[in-house]
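Novice: Here is a sequence together with a model predicted from it:
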Amino acid sequence: MQHMLNITGQVKFTITMDPTSFLFDDRKIKWEDFLHMIDNNIDFLAEEKDDDTPPFKKKRRKYRREDLLTESFVIPTKPFIENAEPLEDASKVIFELREGDQYELPLSEAKQGVFRFSNKGKALIEDGPLYFYYGDGSNRDHPVKGIQKIVIK
């Protein structure tokens with residue numbers, strides 16, 4: 001299975017992502033923490049403030065080795081999309097999926113979501129490498145699975 005995937009299309013820069021490296025990214029959070037945040041209407045993309053601790057804060061979070069090997073993690077989509085620098089007229093994102101299918105959504109909604117890249121400490125081999133979840137968790141039981149390429153139009 002191919003682990004690397006690209007963000008292409010109407011972007012200034014094509015971005016290559018390796019979901020297997022996200023485990024070492026400080027922006028990741030535990031799947032359960034993400035669900036807790038959306039269930040309690042807490043903006044998980046909020047900037048860090050002195051009086052709160054959003055999960056994607058700029059400070060380095062430390063996880064025990066055991067957590068990395070047993071927990072499930074997500075990472076926000078926004079930094080990846082913004083690093084590709086979508087062109088001004090770009091308005092949608094198309095996820096190209098495993099069996100040749102596609103899933104399309106507005107660019108603004110894609111930026112508010114998360115990618116799940118691990119399940120119980122393991123890469124999403126069979127139906128990955130990435131799942132997409134809306135930022136409100138509305139598709140938590142039916143994520144977009146098998147994302148192979150991301151095209152911005």
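Specialist: Nice, I can see it. Just so it is clear, the structure is predicted and the values come from calculations on it, not from any experiment. Numbers count the residues shown, from 1 in each chain.

Novice: Just the residues contacting the longest strand seen in the chain, thanks.
Specialist: Identified as the longest strand of the chain according to DSSP state E is strand 144-152. For strand 144-152, contacts defined as CB atoms under 8 Å, 6 or more residues apart in numbering pick out 2, 5-11, 80-81, 84, 86, 90, 92-99, 103, 107, 115, 124, 127-132. (Each C-beta comes from the backbone N, C-alpha and C, glycine too.)

Novice: 6 Å instead?
Specialist: With contact meaning CB atoms under 6 Å, 6 or more residues apart in numbering, strand 144-152 is reached by 5-11, 86, 90, 93-98, 103, 127, 130-132.

Novice: Show me the strands in the protein, by range?
Specialist: Under DSSP E, the chain gives strands at 5-9, 15-17, 29-30, 73-76, 92-97, 102-106, 114-116, 118-119, 122-123, 130-133, 144-152.

Novice: Okay, and the beta partners of the residue nearest to the spatial centre of the chain?
Specialist: By CA atoms, centre = their mean, the chain has its centre lying nearest to Phe115, at 2.3 Å. Phe115 forms beta bridges with Ile75, Phe132, as assigned by DSSP bridges.

Novice: residues making contact with the helix ranked longest in the chain?
Specialist: When the chain is parsed with DSSP state H, its longest helix is helix 31-39. Helix 31-39 is contacted from outside by 44, 55, 72, 74, 137, using CB under 6 Å, 6+ apart.

Novice: ok, of those residues, which one's closest to Lys111?
Specialist: Comparing the contacts of helix 31-39 against Lys111 with CB to CB places Phe44 closest, at 12.7 Å.

Novice: Just the pLDDT at that closest one, thanks.
Specialist: With respect to pLDDT, Phe44 has a value of 74.

Novice: ok, for it, nearest residue in space, not its chain neighbours?
Specialist: Met37 (4.4 Å; CB to CB, 6 or more residues apart in numbering).

Novice: So the one you found versus Arg27, what's the distance?
Specialist: According to CB to CB, to the nearest Å, Met37 and Arg27 sit 14 Å apart.

Novice: Enumerate the beta-bridge partners assigned to Asn6.
Specialist: Beta bridges link Asn6 to Thr16 when assigned by DSSP bridges.
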